[in-house]
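Test case, fold it:
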Amino acid sequence: MERKKLFKTLAFLVILLFVLNHIASKFYLYYSLWWIDMPMHFLGGICAGLFMVWLLPSENLFSELSWKYVFKIFLGVLLIGVLWEVFEIIFNNIIAQISFDARDTIHDISFDLSGGLYAILYIIWKKQQKKLFA
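So this is what the prediction gives:
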């Protein structure tokens, strides 16, 4: 039951991310608003973190929350963020002819990791809420 709820939340956030990305691309918001990339990467980090929680095997998602489990989630978010940045660098250099910006890449990965941390805190909050209302 909890995995199903988590999947629904994750699906909603992924759809929201795609819709927001489409709007930002269609109206050239990535070029006109310098900060729009930040909340998008933060939301992507949340999605990656919740995906890792959903993906990792656990009988009860909210009963097992050890440091090892949290570290795996964080590493998964980092891997997804780095792979996305590699895709962006390849796309920007080959297709868009935009030069590589290391500072932007570091900021993007930082926001990905911040979103992943938020997802971990969300799971911890849900775990505590379940204890309170059990």
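
center of this structure, which residue is that?
G45 (1.7 Å; C-alpha atoms, centre = their mean).

which SS state does the nearest residue to that one once chain neighbours are set aside fall under?
In this structure, G45 finds its nearest non-sequential neighbour in G115, 2.2 Å apart by C-beta to C-beta, 6 or more residues apart in numbering. Backbone N, C-alpha and C define where each C-beta goes, glycine included. In three-state terms, and counting by DSSP: H, G, I helix; E, B strand; the rest coil, G115 is helix.

and G115, how far is that from I109?
As for G115, its distance to I109 is 11 Å (criterion: C-beta to C-beta, to the nearest Å).

More neighbours: those two, which one.
Per other C-beta atoms under 10 Å, whichever of G115 and I109 has more neighbours is G115, with 25 against 18.

right, and the more buried one touches G49 too?
Yes - contact criterion C-beta atoms under 8 Å: G115 and G49 qualify, at 6.4 Å.

what residues do those two have in common as contacts?
V77 (C-beta atoms under 8 Å, 6 or more residues apart in numbering).

quick one on the thing from earlier: for the residue nearest to G45, give me its contacts.
H41, F42, L43, G44, G45, I46, C47, A48, G49, V77 are the contacts of G115 under C-beta under 8 Å, 6+ apart.

now do W54
Neighbour list for W54: R3, L6, F7, L10, L61 [criterion: C-beta under 8 Å, 6+ apart].
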